[in-house]
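J.: build me a model:
(one chain, ligands or ions: 2)
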Amino acid sequence: MAVGTVYRQGWKLDEIRWHLFDAGAVDATMVAAVKAAALVESNAPDYVTYLKRVFGNSPPEALTWIERWGAEESQHGKALGRWAETADPGFKLDEAFARFRKGYQPAHFAGDGADSVRGSRRGEMIARCVVESGTSSYYAAMRDATDEPVLKEIAGRISADEFRHYKLFYETLHNQDEPDIGFLKKLWVAIGRVRESNDDELAYAYYCANVPMGQELARPYSRKLYSRLAAKTGMTIYRRRHIQKLVQMVAKAVGADPHGRLADWGEAILWRMMQKKAAAA
Ligand SMILES: [Fe+2]
Ligand SMILES: [Fe+2]
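T.: Ligands and ions are numbered 1, 2, ... in the order given. I've put the predicted structure just below:
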């Protein structure tokens, strides 16, 4: 698997210029978004275990890219968590993550089967491309939306990592020795992965990150409510151009023209759905 071309180790936590932190430029909505993102990123080790099962028949050295990818995602969690702890000393990443992990365990992470829940390794890679398209554009939006210099740097570095991850999975998708899957199937996998953003992962991460443990009884978890609140927070960060980029990346992954009519429709539909969900919060 010729993934080395897109896989160069990125950056280290202590390379961030933490001393530039400007408390006056911190925005409460952005803090809520960063805390939730830190929890989702920190869940990478479970995904590494799952992906290694799916790619279990590959040569051992070919699995090292999964480890490297997972290590970078975990580092994203640490960087975002440290920033959030600096911006809000009441927030503790380890504590919030422990609650998130206890309450959120996707079935495919817990199993021991070697089959991808997407039906094939190619399907798995398309789903990964969707996620990396989403994260790359989200952190680009975060970088563009914040005036806080440390977060701007972190979000910029993470967005570049996520784009590289997309290229890694895109390349892996095309390097599989299993039969290709049809366009409609690819599109179905991609749409399915986008729809999964409505499941508990983002909503419960937002809840655990932003509702302190002591307030759980008074403010119990509701997927609908916290999914909407997470969407509302996201819409204060996203601009249309970020969604355009996201959809173009997904279109390329499924084999469609990133600048064609399907991508234009996809962008318009996704933007409208996101606006609607955010408005319902
Ligand atoms: Fe990440
Ligand atoms: Fe990533």
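
J.: from now on I want contacts and neighbour counts done on CA atoms only, so please keep to that.
T.: Noted.

J.: low-confidence stretches in the stretch 51-200 of the chain?
T.: Applying pLDDT under 70 to the stretch 51-200 of the chain flags the ranges 61-62, 110-114, 198.

J.: 90 instead?
T.: Along the stretch 51-200 of the chain, the model assigns pLDDT under 90 to residues 51-65, 105-121, 172, 174-182, 192-200.

J.: and the helices in it?
T.: Assigned by DSSP state H, counting those that start in this stretch, the stretch 51-200 of the chain shows helices spanning 64-87, 93-103, 107-110, 121-145, 149-173, 183-195, 200-210.

J.: now these as TSV including mean neighbour count and distance to residue 266?
T.: Listed next are the helices of the stretch 51-200 of the chain as TSV, based on neighbours: other CA atoms under 10 Å; distance: least, CA to CA, whole Å:
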stretch	mean neighbour count	distance to residue 266
helix 64-87	20	27
helix 93-103	17	31
helix 107-110	13	28
helix 121-145	24	13
helix 149-173	22	19
helix 183-195	17	10
helix 200-210	24	21
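
J.: how about the ones you listed in TSV, adding distance to residue 234?
T.: Formatted as TSV, the helices of the stretch 51-200 of the chain follow (distance: least, CA to CA, whole Å):
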stretch	distance to residue 234
helix 64-87	16
helix 93-103	19
helix 107-110	26
helix 121-145	8
helix 149-173	14
helix 183-195	15
helix 200-210	11
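
J.: closest one to residue 262 among the ones you listed?
T.: With respect to residue 262, and counting by CA to CA, the nearest of the helices of the stretch 51-200 of the chain is helix 183-195 at 10.8 Å.

J.: now for the closest one, which elements pack on it?
T.: helix 121-145, helix 240-254 (3 or more CA pairs under 8 Å, 6 or more residues apart in numbering; DSSP states H and E).

J.: in TSV: these, plus distance to residue 201.
T.: Shown next, in TSV, are these (distance: least, CA to CA, whole Å):
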stretch	distance to residue 201
helix 121-145	12
helix 240-254	19
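
J.: residue 216: which of the ones you listed is closest?
T.: Within those, the stretch nearest residue 216 is helix 121-145; the backing value is 28.1 Å (CA to CA).

J.: next one: the residue lying farthest from the centre of the chain from residue 212, what distance?
T.: Farthest-out residue of the chain from its mean C-alpha position, per CA atoms, centre = their mean: residue 218, at 29.3 Å. Distance, residue 218 to residue 212, using CA to CA, to the nearest Å: 10 Å.

J.: kindly report the same for residue 33.
T.: 15 Å.

J.: those two - which one has more neighbours?
T.: residue 33 (24 against 15; other CA atoms under 10 Å).

J.: can you report phi and psi for residue 218?
T.: Note on residue 218: backbone dihedrals following degrees, to the nearest 10 are phi -70, psi -30.

J.: one more: residue 216?
T.: Residue 216 adopts backbone torsions of phi -60, psi -40, taken as degrees, to the nearest 10.

J.: looking at the helices and strands packed on helix 183-195, which is nearest to residue 182?
T.: Taking CA to CA, helix 240-254 is the member of these nearest to residue 182, at 9.2 Å.

J.: state the next helix or strand along the chain beyond that closest one.
T.: Downstream of helix 240-254, the first helix or strand assigned by DSSP states H and E is helix 261-279.
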